[in-house]
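S.K.: Test case, fold it:
(one chain, ligands or ions: 2)
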Amino acid sequence: MVETHQQPVTPVPTMAALSNEEELLQAHAELWNLTFSYLKSMALDCALKLAIPTAIHRLGGAASLPDLLAAVPVPDSKKPQFPRLMRFLAATGIFTIDAASGFYGLTPVSRLLVNDDNAKNLSPFVLSQTNKYHVTAAMRLPDWFTSDEGAAGVDMPFRMAHGTDMWAVMALDPKINDLFNAGLAADTKLAMDFIVTNCGDVFEGIASLVDVAGGTGTAARAIARAFPHVKCSVLDLPNVINSVPADGIVDYIVGDMMESIPPTDAVFLKYVLHDWDDDVCVKILTQCKKAIPESGGKVIIVDMVVGSNANSKAMFEAQVVFDLLMMVVTAGKERDEHQWRKIFMDAGFSNYKTKPVLGFLSIIELYP
Ligand SMILES: C[S@@+](CC[C@H](N)C(=O)[O-])C[C@H]1O[C@@H](n2cnc3c(N)ncnc32)[C@H](O)[C@@H]1O
Ligand SMILES: COc1cc(-c2oc3cc(O)cc(O)c3c(=O)c2O)cc(OC)c1OC
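M.R.: Ligands and ions are numbered 1, 2, ... in the order given. You can find the predicted model right below:
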């Protein structure tokens, strides 16, 4: 018998094996990033609480680490860790980093977070969403999905975590109430500038408008200023209305939209119906229909129409992530056009017109 001694050969990977390996490594990295995406929210929250975007802006739009350390409220004991936070924030696209100088700069995202008389400052919105109530509610999502307690009233993970709904928490905790209202007002400023400039035709032919569940009145004030012939009022719950100083521009009415809405030519409903399930939406819209004239009256809805204008991954993701948020913190949802149509018809409306206006948002005009 002849023994042969073969050298062990390193197997040469085929193209197919290579691409499987690359795919595996890519999937591994993506899974890590998904697993730790809560750290992105928390690092963003941290950046705002340390006012880093505003510091970079005030330093002329580009800042070295020592400049930043001199500007942010970080004690000496934590200063050695600060570069790690900045590196992460740059890696996630919140800031830029110049490889040569090591200077940090603003990106289109962090420009929306500068608090310096900036009409487009969305940091109150971010802070209103990264609070303990929202985060702990989101952590109950798996429990909520696997429990069968819907009939006992646990209609959302928020109630599972806090024993009550978001509106009740806001009524009890003035800090979170102010934070949430400031968050919505910040975004509303941005959205309304766009709407009054580009969708003026929607407000033609009406002499009065009630912004139902209108929060602190940012939208109604923008409409009143742009269309002085329209008498604008805001209706909301007492904890919201009682926190708004009179401004002589719009009237503020304490009320419950489920019970009654004062007579008006037009009802405006922005980011309201998505907070509620279909039956409650029909109830609210039935009240709206009673408030407007049969001829010439209308309801103007600003909300998402899922799938509409969702021409990029980011737009579609923003629509469906909001739908998930609605599932966690409210009994509502984001709806596609088919779902909207059913609610409108069930509330007795005869006709509607929808057009995408602003990124992932649409305006819907609803006629009796
Ligand atoms: C998501 S916020 C929208 C606020 C405002 N429309 C905007 O776009 O900024 C929903 C609003 O509904 C109000 N709300 C909740 N239940 C209500 C009710 N039964 N009657 C009137 N307003 C209510 C809340 O107080 C809150 O201001
Ligand atoms: C600030 O920009 C938008 C906010 C909302 C919005 O956000 C919420 C956040 C919550 O934690 C609970 C809520 O009930 C809500 C809302 O009801 C609500 O409307 C919605 C937006 O577009 C649909 C916003 O614009 C981007």
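S.K.: List the contacts of whichever helix in the chain runs longest.
M.R.: Looking across the chain with DSSP state H, the single longest helix is helix 174-198. Outside of helix 174-198, the residues within contact range by CB atoms under 8 Å, 6 or more residues apart in numbering are 119-129, 131, 133, 166, 169-171, 202-203, 215-216, 218-219, 222-223, 225-227, 239-240, 243, 270-271, 302, 357-358, 361, 363. C-beta here means a position set from N, CA and C on the backbone, and glycine is covered the same way.
S.K.: In helices only, show me those residues.
M.R.: If you go by DSSP H, the contacts of helix 174-198 have 123-129, 133, 166, 169-171, 218-219, 222-223, 225-226, 239-240 in helices.
S.K.: Now which of these would you call buried?
M.R.: 123-129, 133, 166, 169-171, 218-219, 222-223, 239-240 (16 or more other CB atoms under 10 Å).
S.K.: that older thread, and ligand 1, which of the contacts of helix 174-198 reach it?
M.R.: Among the contacts of helix 174-198, the residues lying close to ligand 1 (CB under 6 Å from any ligand atom) are 215, 219, 240, 270-271.
S.K.: What parts of the stretch 101-250 of the chain come near ligand 2?
M.R.: 125, 129, 134, 166, 183-184, 187.
S.K.: Can I get those in a markdown table including pLDDT and distance to Pro73?
M.R.: Output for these, formatted as a markdown table (pLDDT from 0 to 100; distance: CB to CB, whole Å):
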| residue | pLDDT | distance to Pro73 |
| --- | --- | --- |
| Phe125 | 88 | 22 |
| Gln129 | 93 | 22 |
| His134 | 95 | 24 |
| Met166 | 89 | 30 |
| Gly183 | 84 | 22 |
| Leu184 | 82 | 27 |
| Asp187 | 78 | 26 |
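S.K.: still on that earlier bit, out of the ones next to ligand 1 among the contacts of helix 174-198, which one has the lowest pLDDT?
M.R.: Lowest pLDDT of those: Val240, 87.
S.K.: Would you check that that residue makes contact with Thr216?
M.R.: Yes - using CB atoms under 8 Å, Val240 makes contact with Thr216 at a distance of 6.5 Å.
S.K.: Distance from the lowest-mean-pLDDT helix or strand in the chain to the middle of the chain?
M.R.: Least confident helix or strand, the chain: helix 174-198 with a mean of 85, by mean pLDDT, DSSP states H and E. Centroid separation between helix 174-198 and its chain, computed with CA atoms, centre = their mean, to the nearest Å, is 10 Å.
S.K.: quick one, what contacts the one residue sitting closest to the centre of the chain?
M.R.: Nearest to the geometric centre of the chain sits Phe322, at 6.4 Å (CA atoms, centre = their mean). With contact taken as CB under 8 Å, 6+ apart, Phe322 is in contact with 274, 304, 334, 360.
S.K.: same thing with Ile52?
M.R.: Contact partners of Ile52, counting by CB under 8 Å, 6+ apart, are 68, 72, 86, 89, 95.
S.K.: all strands of the chain, in order?
M.R.: Taking DSSP state E as the criterion, the chain carries its strands at 62-63, 95-97, 104-106, 208-212, 231-236, 251-254, 266-270, 298-303, 351-358, 361-367.
S.K.: What residues of the second one count as buried?
M.R.: Just to be clear, that refers to strand 95-97. Within strand 95-97, the residues that qualify as buried by neighbour count (16+ other CB under 10 Å) are Phe95.
S.K.: who does that strand touch, helix- and strand-wise?
M.R.: Helices and strands touching strand 95-97, as assessed by 3 or more CB pairs under 8 Å, 6 or more residues apart in numbering; DSSP states H and E, comprise helix 82-91, strand 104-106.
S.K.: contact partners of it?
M.R.: Under the criterion CB under 8 Å, 6+ apart, residues 52, 56, 86-87, 89-90, 103-107, 110 lie in contact with strand 95-97.
S.K.: what does stretch 360-368 give?
M.R.: Under the criterion CB under 8 Å, 6+ apart, residues 191, 195, 199, 202, 285, 289, 292-294, 297-305, 308-310, 315-316, 318-319, 322, 340, 344, 348-357 lie in contact with stretch 360-368.
S.K.: Run a quick neighbour tally on Ile120.
M.R.: One correction, residue 120 is Lys, not Ile. For Lys120, the neighbour count with other CB atoms under 10 Å is 13.
S.K.: ok, it - contacts?
M.R.: Taking CB under 8 Å, 6+ apart, one finds 111-112, 189-190 in contact with Lys120.
S.K.: try it again with 10 Å
M.R.: Going by CB atoms under 10 Å, 6 or more residues apart in numbering, Lys120 touches 111-114, 186-187, 189-190, 193.
S.K.: now swap in Lys333 and tell me
M.R.: Lys333 sits next to 273-278, 281, 304, 306, 322-324, 326-327, 339 when contact means CB under 10 Å, 6+ apart.
S.K.: Which positions within stretch 277-294 qualify as buried?
M.R.: For stretch 277-294, a neighbour-count test (16+ other CB under 10 Å) marks 278, 280-285, 287-289, 291-292 as buried.
S.K.: The closest residue to Tyr271 other than its chain neighbours pairs with what?
M.R.: Of all residues not flanking Tyr271 in the chain, Asp303 sits nearest, at 6.3 Å (CB to CB, 6 or more residues apart in numbering). Judged by DSSP bridges, the bridge partners of Asp303 are Ser362.
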